[in-house]
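Undergrad: Build me a model from this:
(chains A and B)
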Amino acid sequence: MQKKQKIRLDRYLFISVLSVCVGIFIWWLVTDGLGIFRSNVLPSPIKVFKTFLRKWVETKPDGATLFQHVFASLQVALGGYLIGAAIGIPLGIFMAWNDKIDMFVRPVFDLVRTIPGVAWTSVMVTLVGIGYMSKALVIFIAAMVAMVINSYSGIKQTKTVHLWVGQTFGASNWDLLTKVAIPSALPMIFTGLDVALGSAWTTLVAAELLASTKGLGFMIQQARGIFRLDIVIVGMVVIAITGAILSSILRFFQRKFVKGGRM
Amino acid sequence: MEKKEPKVVVNHLTKKFGDLLVLDDLNFEVSEGEFLCIVGPTGCGKTTFLNSLTRLYEPTAGEILVNGIPVDPKKQNISYIFQEYSSFPWLTVEQNVRFGLDIKRVPKAEADASVEEMLDIVGLTKFRNYYPSQLSISMLQRVAIARAFATKPELLLMDEPYGQLDIDLRFKLEDELLKLWQRTGTTVLFITHNIEEAVYLSQNIMVLTNKPTSVKTVIPNPLPLPRDVMSQEFVDLRNQVTDLIKWW
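TA: Numbering: from 1, shown residues only, chains lettered A, B, ... in the order given. A predicted model of the protein is given here:
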């Protein structure tokens, strides 16, 4: 059984690596290989890789190294994301658990959830200025929405029979919430964390394009202004890789906390 | 013979869903340590009956007394085995069995002993670290039985717990249940649509009417344990109960 799973995993890994390699090869083919695109229109993978290596030490043209940009972006993204989780998950849980909280919060939430995260940028910049806080607040709103919705749905989907088991054993309302509803909602809560991570990361880059002095979005914006497409692509690739790493960290925690699978 | 104290007293129990009258003025008593099977036509409201007894559904009228006081799962030690699979998928077999003990804040040493005993009785000790998604249907029902008995309930309610099992497994689990009942002296209310099962398990059989449900009669089951399903007495009693619930 385990051997079979390992073979399947190895095959999956092989196909994944192969698909990335094929993608890079096609990219190389249309640039350096066949010369279909000139390097100022679409830089080749080799040029992008060289820029990627150089950007770790070079601050030109945007005033910071790649590490500084990544660090600035992560700081903002994780700050907003974690506050979003700290407020969004409990809010979703209590909205689902308590009708009065639901009635009180839902009208405002339903209005806020329809506004794209980036749309808040101008408001936040006006309120708290360009800098860490404005971006973190934009991300906080974007991330919180997904977390509230998923936590809410998770709690609402708790099977009645599971609650009944608790009730017939004489469980208090708090026990029912913490020992039945929340564990039952945990897979959905993690889905919320995953979706929120995606929206936090994309909102961050968009926010940095508009209002920033450092960060991956800012780096892309600056490079675009001076037609340095190689740096733009480096920025895009780093965004993708960082996003994937954050996702896998989240999946690690998911495997640690969500037990038993589905019945 | 000395009459035992009533464990459960039900007076004028009535339950309506909107205008639909489901339970119509039920009155009966269940003695301490009694094994009562409840049978009735399909859809007559057997589950509503049990859910009203535990206050999962608030009765529209009437009172239910356990040990002379109104039923309240927070005050009385009640367990309920449901018709559908109710094991918590996020807990292991052992954690599932321990659930009720945790809710009741039973001291750890006592809870450990109870969990071990129950796992042993239902034969799941080897599977204690498995999750419900890794278990077969009969094992899932055993987890529910172990969880229900682990708290040493004074009143155990069972709602067609073996309805979805094949006949071999059913007999095996029925025998296990009888052993547990004899060992613990728990009062059991067991709902089933299977008349043979009712005759096999019960001390008394309560027959319910079609909706709106009321108690048609209670038939004592004097057959000695263990029962032989092929014996003439068994067949006669089964036929008697069948005649009582016939609606065709």
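Undergrad: Can you spell out which helices and strands pack onto the strand or helix carrying B:Arg183?
TA: Here B:Arg183 sits within helix B:167-184, counting by DSSP states H and E. If contacts are counted by 3 or more Cβ pairs under 8 Å, 6 or more residues apart in numbering or on different chains; DSSP states H and E, helix B:167-184 sits against helix B:108-121, helix B:137-150, helix B:195-201. Bear in mind the C-beta positions are built from the backbone N, C-alpha and C, glycine included.
Undergrad: just so I know, which of those helices lies nearest chain A?
TA: helix B:137-150 (7.8 Å; Cβ to the nearest Cβ).
Undergrad: For my notes, confirm A:Lys47 occurs in a helix.
TA: Yes - the assignment for A:Lys47 (DSSP: H, G, I helix; E, B strand; the rest coil) places it in a helix.
Undergrad: count of neighbours near it?
TA: 17 (other Cβ atoms under 10 Å in any protein chain shown).
Undergrad: I'd say it and A:Phe37 touch.
TA: No - checked against Cβ atoms under 8 Å, the pair A:Lys47 and A:Phe37 is beyond contact range at 11.7 Å.
Undergrad: that older thread, does any bit of the next helix or strand after the helix holding B:Arg183 sit next to chain A?
TA: Downstream of helix B:167-184, the first helix or strand assigned by DSSP H and E is strand B:187-191. No - judged by Cβ under 8 Å from any Cβ of the partner chain, strand B:187-191 makes no contact with chain A; its nearest approach is 12.4 Å.
Undergrad: State the number of residues packed around the nearest residue to B:Arg147 once chain neighbours are set aside.
TA: Closest residue to B:Arg147 apart from its sequence neighbours, by Cβ to Cβ, 6 or more residues apart in numbering or on different chains: B:Val97 at 5.0 Å. Neighbourhood size, B:Val97 [other Cβ under 10 Å]: 31.
Undergrad: cool, B:Asp236 as well?
TA: 12.
Undergrad: And the strands in chain B?
TA: Using DSSP state E, the strands of chain B run over residues B:6-17, B:20-31, B:35-39, B:61-66, B:69-70, B:78-81, B:155-159, B:187-191, B:204-208, B:215-220.
Undergrad: The first one packs against which elements?
TA: Which is strand B:6-17. By 3+ Cβ pairs under 8 Å, 6+ apart, strand B:6-17 packs against strand B:20-31, helix B:46-53, strand B:61-66, strand B:187-191.
Undergrad: List the buried residues for the helix holding B:Arg183?
TA: B:169-171, B:173-174, B:176-178, B:180-181 (16 or more other Cβ atoms under 10 Å in any protein chain shown).
Undergrad: A:Lys259 and B:Trp90 touch, don't they?
TA: Yes - using Cβ under 8 Å, A:Lys259 is in contact with B:Trp90, at 5.2 Å.
Undergrad: Need the overlap of contacts for those two.
TA: Jointly contacting A:Lys259 and B:Trp90 under the rule Cβ atoms under 8 Å, 6 or more residues apart in numbering or on different chains are B:Tyr131.
Undergrad: Work out the gap between stretch B:14-31 and the centre of the chain.
TA: 18 Å (Cα atoms, centre = their mean, to the nearest Å).
Undergrad: What are the contacting residues of that stretch?
TA: Residues contacting stretch B:14-31 (Cβ under 8 Å, 6+ apart): B:3-13, B:36, B:45, B:48-49, B:52, B:57, B:59-62, B:187, B:189, B:206, B:211-215, B:218.
Undergrad: could you dump that stretch to PDB, C-alpha only?
TA: Taking C-alpha atoms only, stretch B:14-31 is exported to PDB below (Å, rounded to 0.1, in the frame of the first residue of the first chain):
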ATOM      1  CA  THR B  14     -47.200  15.300  23.200                       C
ATOM      2  CA  LYS B  15     -45.200  16.600  20.300                       C
ATOM      3  CA  LYS B  16     -46.400  18.700  17.400                       C
ATOM      4  CA  PHE B  17     -44.400  20.100  14.400                       C
ATOM      5  CA  GLY B  18     -46.500  23.100  13.400                       C
ATOM      6  CA  ASP B  19     -49.900  21.600  13.000                       C
ATOM      7  CA  LEU B  20     -48.700  18.100  12.600                       C
ATOM      8  CA  LEU B  21     -49.400  16.000  15.600                       C
ATOM      9  CA  VAL B  22     -46.700  13.300  15.900                       C
ATOM     10  CA  LEU B  23     -46.800  12.100  19.500                       C
ATOM     11  CA  ASP B  24     -50.300  12.100  21.000                       C
ATOM     12  CA  ASP B  25     -50.500  11.900  24.800                       C
ATOM     13  CA  LEU B  26     -48.100   9.100  25.600                       C
ATOM     14  CA  ASN B  27     -48.100   7.700  29.100                       C
ATOM     15  CA  PHE B  28     -45.900   4.900  30.300                       C
ATOM     16  CA  GLU B  29     -43.300   3.900  32.800                       C
ATOM     17  CA  VAL B  30     -40.000   2.100  32.500                       C
ATOM     18  CA  SER B  31     -38.500   0.200  35.500                       C
END
